[in-house]
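A.B. asks: pasting the sequence and the predicted coordinates here, then a few questions.
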Amino acid sequence: MNSPALRTRELSRRFGRFVAVDRVSIEVAQGEIFGFLGANGAGKTTMIRMLCGLLRPSGGEARVAGLDVYKESEAIKRRIGYMSQRFSLYEDLSVAENLEFFGGVYGLDRAHRRRRQEEICAEFGLEAHLGALAGAVPLGFRQRLALACALLHQPPILFLDEPTSGVDPQARRSFWGLIQREAQRGAAVLVTTHFMEEAEYCHRVSIMAAGKLVALGAPGELKAQHAQPTMQGVFISLLKPEAVP
Ligand SMILES: Nc1ncnc2c1ncn2[C@@H]1O[C@H](COP(=O)(O)OP(=O)(O)O)[C@@H](O)[C@H]1O
Ligand SMILES: [Mg+2]
């Protein structure tokens, strides 16, 4: 079997005495869409920041693309695409300038940058607004642009932190189509959401509550285990006081 795209063992992060991520162990395979579900404050963003090499864990182990998050965080940053919860687009630059800028950040040479920009603009339907300011285009478009920027260097591992929050259902569906295509190409995708129905787009999901992993499995398995017809039902049944470990 291929080695996993990422693996954690008892990964933890404390802020002072507060435990934001509590001994979480997961593995994500290449080509897998792995969902991170949980209410606000569950620890999803903290988990992603540790895996991106942006935040040092307080304990446990994590390897991303075979690299150690403690010792090789710079090398990890080159192998991942990251779309942060509040995305990092420059709103006073145009759509084209944002693509240009991020292509430069990822160190693509001029010719490669141009080719990738054209490719991704066509694929993501970005041509219509290339000259418009990123801050002035509709939110759904901005989200596609943010994803395009994170994919310019064709990273094998993608971290998407609530990429669909705030957009309408139709834009969310088409955004998930883009995520699925990246996974089909072999990328490992770790995506957080608080929309329970989006769990259905994931191969496997984990549910976090108060820093702990409280469930892990394919959406169908979790629904069967908890005798619930929907992921929303699974989520609610897990959050009953007696279910929290
Ligand atoms: N830099 C920080 N300092 C102190 N507490 C933090 C910090 N970052 C996150 N937290 C706390 O950790 C918990 C988990 O936050 P976060 O990972 O952002 O959750 P989520 O993304 O699931 O909403 C929250 O209670 C949050 O207030
Ligand atoms: Mg978050």
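C.D. replies: Noted; the coordinates are in hand. Keep in mind the model is a prediction, meaning the values are calculated, not measured. Numbers count the residues shown, from 1 in each chain. Ligands and ions are numbered 1, 2, ... in the order given.
A.B. asks: give the buried residues for the lengthiest strand in the chain.
C.D. replies: Criterion DSSP state E: the longest strand present in the chain is strand 6-15. Neighbour counts over strand 6-15 (16 or more other CB atoms under 10 Å) mark Leu6, Arg7, Thr8, Leu11, Ser12, Arg13 as buried. The way it works is simple: take the backbone N, C-alpha and C, and place the C-beta from them, glycine included.
A.B. asks: how far away is the closest residue to the third one other than its chain neighbours from Arg110?
C.D. replies: Closest residue to Thr8 in three dimensions, ignoring its sequence neighbours and counting by CB to CB, 6 or more residues apart in numbering: Ala62, at 4.3 Å. Applying CB to CB, to the nearest Å, the value for Ala62 to Arg110 is 35 Å.
A.B. asks: so between those two, which is more surrounded?
C.D. replies: A count of neighbours by other CB atoms under 10 Å puts Ala62 above the other of Ala62 and Arg110, at 23 against 9.
A.B. asks: which residues of the chain score low on pLDDT?
C.D. replies: 1, 241-245 (pLDDT under 70).
A.B. asks: one step back: and which of the buried residues of strand 6-15 is nearest to ligand 1?
C.D. replies: Lowest distance from ligand 1 to the buried residues of strand 6-15 (CB to the nearest ligand atom) belongs to Arg13, with 8.0 Å.
A.B. asks: list the beta-bridge partners for the closest one.
C.D. replies: Val21 (DSSP bridges).
A.B. asks: give me the most central residue, the chain.
C.D. replies: Central residue of the chain (CA atoms, centre = their mean): Leu160, 2.1 Å from the mean position.
A.B. asks: gap between that residue and Gln117?
C.D. replies: On the measure of CB to CB, Leu160 and Gln117 end up 20 Å apart.
A.B. asks: could you look up the SS state of Gly60?
C.D. replies: Secondary structure, DSSP: H, G, I helix; E, B strand; the rest coil: Gly60 is strand.
A.B. asks: for it, give me its contacts.
C.D. replies: For Gly60, the contacting residues are Thr8, Arg9, Glu10, Leu11, Ser12, Arg23, Val24, Ser25, by CB atoms under 8 Å, 6 or more residues apart in numbering.
A.B. asks: and Glu61, how far from Lys44?
C.D. replies: Computed as CB to CB, the Glu61 to Lys44 distance reads 19 Å.
A.B. asks: hang on, Phe235 in a strand?
C.D. replies: No: Phe235: not assigned to a strand; according to three-state DSSP it is helix.
A.B. asks: report how many residues lie close to it.
C.D. replies: 23.
A.B. asks: not counting sequence-adjacent ones, nearest residue to it?
C.D. replies: In this structure, Phe235 finds its nearest non-sequential neighbour in Met196, 5.3 Å apart by CB to CB, 6+ apart.
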